[in-house]
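Sequence unavailable; structure follows:
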């Protein structure tokens, strides 16, 4: 049985439909991510669940209780804002304790101490928000939301203001705490790598609708449409006729567009081609540009008038140079048809 | 739903009462009264008598002149001075901001009195210069047109600088470096980057100065009483005291003054849009 | 570093010019005998002694303080209430509040006096010549500045989000306003208060036209002394300048954000 249920949620701002008939179900303890560009409706969706935004139509329920018309303060939901929204006039302890104070909960002192330990804020308990680093502020915001043991934790791009290194360590931290507390979490981000790292399931959103839902692996290896393929990773996306034109073999895919992951293509120097390739398409082209990023070497290959990206693992000195003529081998199973 | 929004509306009630009682009703009433003839009929009689009376026409002209001259001189001084202040080291800058801030409140009766002490018939400077044998103040009369302008300029300068300082703070040194690296001279930096960026602030400030001196009453009242013909002084003399003889005429003059100010603000908006297309 | 010197020279001349009226008046208020020489022939504090023994002065000052306190508190309370209602319940109607609040900015004192006299001199509410009409009109006069002060600080502390965060944590809207928003905008509100005080202490047009001698504020009292003893008047003017100095000095302290924070983190 699913824990969080959204059915046909709609929201319009003027004529613009921000959420267009959104439905989904989340299991208890799941970590899901709403992934999309800014303006796709992901934040509005999150805010609808939090009760900050009133939806025009549809229903939201948490553990079989309809919360659609409940004010935020009665929803038992925790949220971390993109700007953290820490209360500047309160210390770390006061910020974390605010929710307990509002709900008149007991054992406030011990609970706060426990939370400060769990989240690694020892030593800054009496600091004010402006005296903390970005990462620390982020932790306070997280602690403040978690201490009420909310039914769902909502995270609105919580890491976007931090630099790469702190971001990485906080990702692991969030995941750890989420697992430890087994808390149902909805995370909003525009960063697909972050979404892959953190989530059990990803919902890719675009223009107020969910384009595709699935595990990180499905989303990455089997994008269903052009938008998802374009948004995830660095897929080569070609139209049917473009690809047909490039390959030497009989071409038998019928979908209008085809996506090919750069690392699924193998590449050989001209004249070193070993034998035949059953179940693959072959093509030939010329290396136009080579870029090295860490362990991966990316080549831009010009095939006829098209550019195709090919990624290889960095292997010693044995790689090709710009201007080299190459043969390409594309396994048929890696040509992903798009709707 | 209706009940939900009704209760917060109560929070707007006090403001509504205050605004209706002391702002909107008086303003609307003034406009209404200005269209009442002396015999109680509705019409433009008051405006016709204002615009056919050389005395009132002169008061409008004088008010416009003094506003134009004092605002123009003050804006130049404040623009140069404000820039110099913004380039100072932080401690000196702080002191100067303090002085500017404080003196921008020096106006009206106290200021008029201070100027009488300085430049009046027995003023400090009047005496000083006559002792030195210089006759600069022989021809100078503080209680005249020129004296009024001197005082108006004085109270406009710090006020203008207060308004301009934030604009100057927005002027980034990096732009000057970038301009120099791209081959621009100091002059071309000011012509193409500095001034265009400052212009909206300067024009806006100028308009506020203009409006400020247009409506100024206390300073002139203390210095020249009703003897000098300015629009606010004429309005004041029509309504001061218990004898409120010509409410309709006073209202029409008030509307005229308000309209001139609105016109100035409107022109300001127009110019602003011309100068900076990148704003909004 | 000639550019630097140039700026310092300009600023020094400017500072001297701006301070001249203050210095001149101060000299005059401290001068005993001073008729033909450049500097006074003798110095005295007797003008201040006379002034501070004058009950009229204290009465005028306390009338000013009363009117100013009342009107500033009135505007602050009324405006805070309205702002919160608008920010929380009608955020897209904020422009109307702004429009109304800015009207007084374009209406000079003489002009608003006409309308007020038109209405209240003929109605049953006989408040002309009493402090109440002055309080009402002063409350309106400072409205644009109070509005801007409150609005700016609400904007800087990101009020909407703070209220949302507090609500998610279980607070009611009222509770959120009192525990989270008000403490954080206090500085902005105080700045608006000080600015209004400085403005109103110098206000003459409305005081003269609406109440005149019937309720003698500091400015009216000063005006009436203008034709009398110049030295005594200087002392009054200096006392007014001192009030302005204190108020604007405090104002600048409030407007410097970094200062207090630094102290705390040093500790």
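Sure, I can see it. This structure is a prediction, so every number in the text was calculated from the model and none was measured.

helices or strands next to whatever helix or strand residue A:188 lives in in the packing?
Assigned by DSSP states H and E, residue A:188 belongs to strand A:184-189. For strand A:184-189, the packing partners by 3 or more CB pairs under 8 Å, 6 or more residues apart in numbering or on different chains; DSSP states H and E come out as strand A:31-35, helix A:42-50, strand A:152-156, helix A:192-198. All C-beta atoms are positioned from the backbone trio N, CA, C, and that covers glycine.

Nearest to chain C among the ones you listed would be which one?
Chain C sits nearest to helix A:42-50 of all the helices and strands packed on strand A:184-189, at 5.9 Å, using CB to the nearest CB.

gap between that closest one and the chain center?
16 Å (CA atoms, centre = their mean, to the nearest Å).

swap in stretch A:254-272?
26 Å.

Give me the buried positions along that stretch.
Neighbour counts over stretch A:254-272 (16 or more other CB atoms under 10 Å in any protein chain shown) mark A:257-265, A:267 as buried.

What average pLDDT does it get?
Averaged over stretch A:254-272, pLDDT sits at 85.

go on, stretch A:69-88?
On average, stretch A:69-88 scores 90.

Quick one: end-to-end distance for it.
Stretch A:69-88 has an end-to-end distance of 30 Å (CA to CA, to the nearest Å).

That one near chain C at all?
Yes. On the criterion CB under 8 Å from any CB of the partner chain, stretch A:69-88 is in touch with chain C at A:71-73, A:75, A:77-79, A:81, A:83, A:85, A:87-88.

Which of those residues are buried, as a PyMOL select command?
Of these, the buried ones can be selected in PyMOL as follows, counting by 16+ other CB under 10 Å:
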select buried, chain A and resi 72+73+75+77+78+79+81+83+85+87+88
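
how about the residues of stretch A:69-88 next to chain C in JSON lines, adding secondary structure?
Below are those laid out as JSON lines (DSSP: H, G, I helix; E, B strand; the rest coil):
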{"residue": "A:71", "secondary structure": "coil"}
{"residue": "A:72", "secondary structure": "helix"}
{"residue": "A:73", "secondary structure": "helix"}
{"residue": "A:75", "secondary structure": "coil"}
{"residue": "A:77", "secondary structure": "strand"}
{"residue": "A:78", "secondary structure": "strand"}
{"residue": "A:79", "secondary structure": "strand"}
{"residue": "A:81", "secondary structure": "coil"}
{"residue": "A:83", "secondary structure": "coil"}
{"residue": "A:85", "secondary structure": "coil"}
{"residue": "A:87", "secondary structure": "coil"}
{"residue": "A:88", "secondary structure": "coil"}
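
Could you give the number of residues near residue 221?
Looking at chain A here, since you left the chain open. Number of residues near residue A:221 (other CB atoms under 10 Å in any protein chain shown) recorded here: 15.

I was after chain B.
Using other CB under 10 Å, residue B:221 has 26 neighbouring residues.

ditto for residue B:54
8.

do the same with the one 4 residues further on
Burial of residue B:58 is recorded as 14 neighbouring residues (other CB under 10 Å).

And residue C:141, by the same measure?
25.

Am I right that residue A:299 is in contact with residue A:307?
No. Contact criterion CB atoms under 8 Å: residue A:299 and residue A:307 do not qualify, at 10.0 Å.

So for residue A:321, what pLDDT did the model give?
For residue A:321, pLDDT reads 83.

That one contacts residue A:287, correct?
Yes. If you go by CB under 8 Å, residue A:321 and residue A:287 touch, sitting 6.9 Å apart.

what about stretch B:15-34, start to end distance?
End-to-end distance for stretch B:15-34, by CA to CA: 27 Å.

again but with stretch A:150-163, I slipped
Terminal residues of stretch A:150-163 lie 28 Å apart, using CA to CA.

residues of it that come out buried?
Of all the residues in stretch A:150-163, those buried under the rule 16+ other CB under 10 Å are A:150-159, A:162.

which one of the residues you listed sits closest to residue A:43?
The closest of the buried residues of stretch A:150-163 to residue A:43 turns out to be residue A:156 (CB to CB; 5.9 Å).

how about the helices in the stretch 1-150 of chain C?
Listed in chain order, the helices of the stretch 1-150 of chain C (DSSP state H, counting those that start in this stretch) span C:2-30, C:46-53, C:55-89, C:94-102, C:109-120, C:131-141, C:143-156.

The third one and chain B, any residue contact?
Yes. Using CB under 8 Å from any CB, a contact is recorded between helix C:55-89 and chain B, made by C:74-75, C:77-79, C:81-82, C:84-86, C:88-89.

swap in the first one?
Yes. Judged by CB under 8 Å from any CB, helix C:2-30 comes into contact with chain B through C:3-4, C:6-8, C:10-11, C:14-15, C:17-22, C:24-25, C:27-28.

what sits against residue 144?
Went with chain A since none was named. Neighbouring residues of residue A:144 by CB atoms under 8 Å, 6 or more residues apart in numbering or on different chains: A:86, A:95-96, A:98-99, C:169.

let's do chain C instead
C:101-102, C:104-105.

I'd like the helices and strands packed on strand A:184-189 as JSON lines, with distance to chain C appended.
Output for the helices and strands packed on strand A:184-189, formatted as JSON lines (distance: least, CB to the nearest CB, whole Å):
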{"stretch": "strand A:31-35", "distance to chain C": "18"}
{"stretch": "helix A:42-50", "distance to chain C": "6"}
{"stretch": "strand A:152-156", "distance to chain C": "9"}
{"stretch": "helix A:192-198", "distance to chain C": "21"}
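
In contact with residue A:322, which residues are there?
For residue A:322, the contact set (CB under 8 Å, 6+ apart) comprises A:287-290.
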